[in-house]
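Undergrad: Take a look and give me a structure for this.
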Amino acid sequence: HDVTVQNCYVTRTNANDGIVIHSGPAGTIAGSNFIIRNNISEHSAEQGYDITTGTNVLMEGNISRLNKQGGITFGHTASGLIVRRHFSENEPTANTSASVKISSPDFTLENSLFIGSASYNKPIISIGPGSDSQPENVKLYNNTFIWNSSSEGNIFFLAQHFTGIQCTIKNLEMKNNIFYSRTSSRGIFSFQQADRPPDFGSGFKFDNNLFFMPGGIEWSVGGNSNSPFSFPEYKTTFNQDLNSIETDPLFVDPGGSDFHLLSTSSPAYNAGATLELTQYLDLDSISIPQAGKSDIGAFEFSISTYGLNANPEGSNMIRLTWSDNFSDETGFTIRRKKENSGIYSEIATIGTDVTTYDDGELDVNVTYYYQVKAVHPDNIYDWSNEVFASTSIGTNISPDFHETTGLIVFPNPADSFITLRTGVKAGEGKITIFNMVGEPVYSENCDRESKTIGLDRLSAGLFVIQLDTPSNQQCVKFIKR
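TA: Model (predicted):
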């Protein structure tokens, strides 16, 4: 009991799971109060995280990917697991299990992103009894689930039996989640009971979810013995998901695995139910809500995710640029402070749809800090991310620097590590991290398509990560908290 596993990288456990809480000899069980935080578990022969004993377990900020039997398993004598801000990708890699498998009581999954297996049409979520356990009090709040298989399959699988053991699953809530397919395959929500979804009454609460499956979506009740229900039929028959919608959520770049909401025009924006979360932070650790109600999905729309940039233009001017992802703003207000110890004051308000501002007649060799705020009659928008730049700046970053989308960095902002999806082959690239005065603070060859870099040596601030390959140069800014 009272164990913390933090900032570990576990890979290629050839005959077992990655990070586990297991029973001991002669069936002895673990105690309580476990924290599993900011770890990476990948390429395991079984699950990335296998929690089968112990109580009061917190998993937050972890990554699982390419594990043979799935990302997370919660079962046997374990109880009381909270999983938040988890990222799972392309698992299971074998034709078995699910991305996350739940068979014990008191399970909460919040603000997490699961990109399902591309190799097999296995469920992303599987909920059902085990040989010595059964799930109840399960909450799935504000998650994004991505179907990644080219063939149809059960995205959500709810079972009522295990090798002949019958049970009734009690108290299951599924709210503010996005279920999305980036293939043309059909998605299926499967409830394995003879007549109808189990105990669909006061104990089952499905609502404010968003579904988008270009190949179609159906609710299968009782396996293949019953005709499937369309979305409207399912809603009226079982009186569930009455405020849920079936439409494109409008992600930034789903093909490139950027599942942030594109703008305030997204149907997921401000469409979530008000929930009692264990922590009001989205997958990027942005506070929830940002404006009015919470959004649907793992990412809360925020101005800070839309890239305010500050770049010096000569010795006495700084140019601000940002993206206008709003449909109802009446303008933008800019505020500035001089040096980090200064006090912010508003310096300009400009019109709607304007995305640049030149701040001139500045002092030489001074660092200025900026924020931008979208103006709305009801004052619903917060200030943007903070950026800074210095006049008369020298830099080693390429003068034609611009942010690119081919290089993916997550999480962003980050605490102790970042993971890069580079897309380059071994030995073909070089990674350099620059601080905002252009000094290189980290450099090494890029030796894999996905790479994790520890940030313990960096102070808090804004950085540029640059990937140089024989064919091009890619740059992305990130924040170290």
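Undergrad: Could you use CA atoms for every contact and neighbour count after this?
TA: Fine.
Undergrad: any weak-confidence spans in the stretch 201-350 of the chain?
TA: Counting by pLDDT under 70, the low-confidence segments of the stretch 201-350 of the chain come to 201-202, 222-227, 303-307, 314.
Undergrad: what about the strands in it?
TA: 204-207, 210-212, 217-221, 245-246, 251-253, 258-261, 309-312, 318-321, 331-338, 345-351 (DSSP state E, counting those that start in this stretch).
Undergrad: contacts for the helix or strand following the last one?
TA: Stepping forward along the backbone from strand 345-351, the first helix or strand reached (DSSP states H and E) is strand 356-359. Counting by Cα atoms under 8 Å, 6 or more residues apart in numbering, strand 356-359 makes contact with 317, 318, 319, 320, 321, 322, all of which sit outside it.
Undergrad: isn't the last one right up against residue 309?
TA: What it means is residue 322. Yes: contact criterion Cα atoms under 8 Å: residue 322 and residue 309 qualify, at 6.3 Å.
Undergrad: Report pLDDT for residue 149.
TA: What the model reports as pLDDT for residue 149 is 84.
Undergrad: residues touching residue 363, list them.
TA: Residue 363 neighbours (Cα under 8 Å, 6+ apart): 315, 316, 391.
Undergrad: Doesn't it lie inside a helix?
TA: No: assigned with DSSP: H, G, I helix; E, B strand; the rest coil, residue 363 falls outside any helix and is coil.
Undergrad: Give me the phi and psi angles of it.
TA: phi -70, psi 150 (degrees, to the nearest 10).
Undergrad: where do the helices sit along the stretch 301-450 of the chain?
TA: Assigned by DSSP state H, counting those that start in this stretch, the helices in the stretch 301-450 of the chain number zero.
Undergrad: Centre of the chain to stretch 353-372, how far?
TA: How far stretch 353-372 lies from its chain's middle: 32 Å, per Cα atoms, centre = their mean, to the nearest Å.
Undergrad: Near residue 309, how many other residues are there?
TA: Neighbours of residue 309 under the rule other Cα atoms under 10 Å: 21.
Undergrad: So what sits opposite it in the bridge?
TA: Note on residue 309: beta-bridge partners by DSSP bridges are residue 321.
Undergrad: Who are the contact partners of it?
TA: 320, 321, 322, 387.
Undergrad: Tabulate those in JSON lines, adding columns for distance to residue 234 and neighbour count.
TA: Putting the contacts of residue 309 into JSON lines (distance: Cα to Cα, whole Å; neighbours: other Cα atoms under 10 Å) gives the following:
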{"residue": "320", "distance to residue 234": "49", "neighbour count": "22"}
{"residue": "321", "distance to residue 234": "46", "neighbour count": "16"}
{"residue": "322", "distance to residue 234": "43", "neighbour count": "18"}
{"residue": "387", "distance to residue 234": "48", "neighbour count": "21"}
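Undergrad: quick one: which of these is nearest to residue 124?
TA: Of all the contacts of residue 309, residue 322 has the smallest distance to residue 124: 35.7 Å, by Cα to Cα.
Undergrad: Could you measure from the closest one over to residue 279?
TA: The span separating residue 322 from residue 279 equals 29 Å under the rule Cα to Cα, to the nearest Å.
Undergrad: so what's residue 349 closest to, chain neighbours aside?
TA: Using Cα to Cα, 6 or more residues apart in numbering and skipping the chain neighbours, the partner closest in space to residue 349 is residue 333 (4.2 Å).
Undergrad: Now the residue in the chain sticking out farthest from the centre, what are its backbone angles?
TA: Largest separation from the mean C-alpha position in the chain: residue 361, at 41.4 Å (Cα atoms, centre = their mean). Dihedral pair for residue 361: phi 60, psi 40, per degrees, to the nearest 10.
Undergrad: Pretty sure it sits against residue 318.
TA: No: contact between residue 361 and residue 318 fails when scored by Cα under 8 Å: they sit 9.3 Å apart.
Undergrad: Neighbours of residue 349, how many?
TA: For residue 349, the neighbour count with other Cα under 10 Å is 17.
Undergrad: Let me see the contact set for it.
TA: Going by Cα under 8 Å, 6+ apart, residue 349 touches 331, 332, 333, 334.
Undergrad: Most neighbours out of these, which is it?
TA: residue 334 leads those on contacts (other Cα under 10 Å) with 21 neighbours.
Undergrad: Not counting its neighbours along the chain, what's nearest that one?
TA: Closest residue in space to residue 334, ignoring its immediate chain neighbours: residue 372 at 4.6 Å, by Cα to Cα, 6+ apart.
Undergrad: Any idea how many residues pack against the one you found?
TA: 25.
Undergrad: and the gap between it and residue 387?
TA: With distances taken as Cα to Cα, residue 372 is found 10 Å from residue 387.
Undergrad: Mind listing the shared neighbours of the two?
TA: With Cα under 8 Å, 6+ apart, residue 372 and residue 387 have common neighbours residue 308.
Undergrad: Show me the beta-bridge partners of residue 281.
TA: Applying DSSP bridges, one finds that residue 281 bridges with residue 287.
Undergrad: you'd agree it is up against residue 294?
TA: No: judged on Cα under 8 Å, residue 281 makes no contact with residue 294 at a distance of 10.7 Å.
Undergrad: more crowded one of the two?
TA: residue 294 (24 against 19).
Undergrad: Stretch 445-463 spans what distance, first to last residue?
TA: First-to-last residue span, stretch 445-463, Cα to Cα: 18 Å.
Undergrad: and what of stretch 206-214?
TA: Span of stretch 206-214 from end to end, Cα to Cα: 22 Å.
Undergrad: Report the buried residues of that stretch.
TA: By neighbour count on 16 or more other Cα atoms under 10 Å, the buried set for stretch 206-214 is 206, 207, 208, 209, 210, 211, 212, 213, 214.
Undergrad: repeat for stretch 358-378
TA: Buried residues in stretch 358-378, counted by 16+ other Cα under 10 Å: 359, 362, 367, 368, 369, 370, 371, 372, 373, 374, 375.
Undergrad: Tabulate the residues you listed (a markdown table), appending pLDDT and distance to residue 129.
TA: Conversion of these to a markdown table gives the following (pLDDT from 0 to 100; distance: Cα to Cα, whole Å):
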| residue | pLDDT | distance to residue 129 |
| --- | --- | --- |
| 359 | 93 | 62 |
| 362 | 88 | 66 |
| 367 | 82 | 59 |
| 368 | 89 | 58 |
| 369 | 90 | 55 |
| 370 | 91 | 53 |
| 371 | 90 | 51 |
| 372 | 91 | 51 |
| 373 | 89 | 49 |
| 374 | 87 | 49 |
| 375 | 89 | 51 |
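Undergrad: Can you tell me which of those residues lies closest to residue 190?
TA: residue 374 (43.1 Å).
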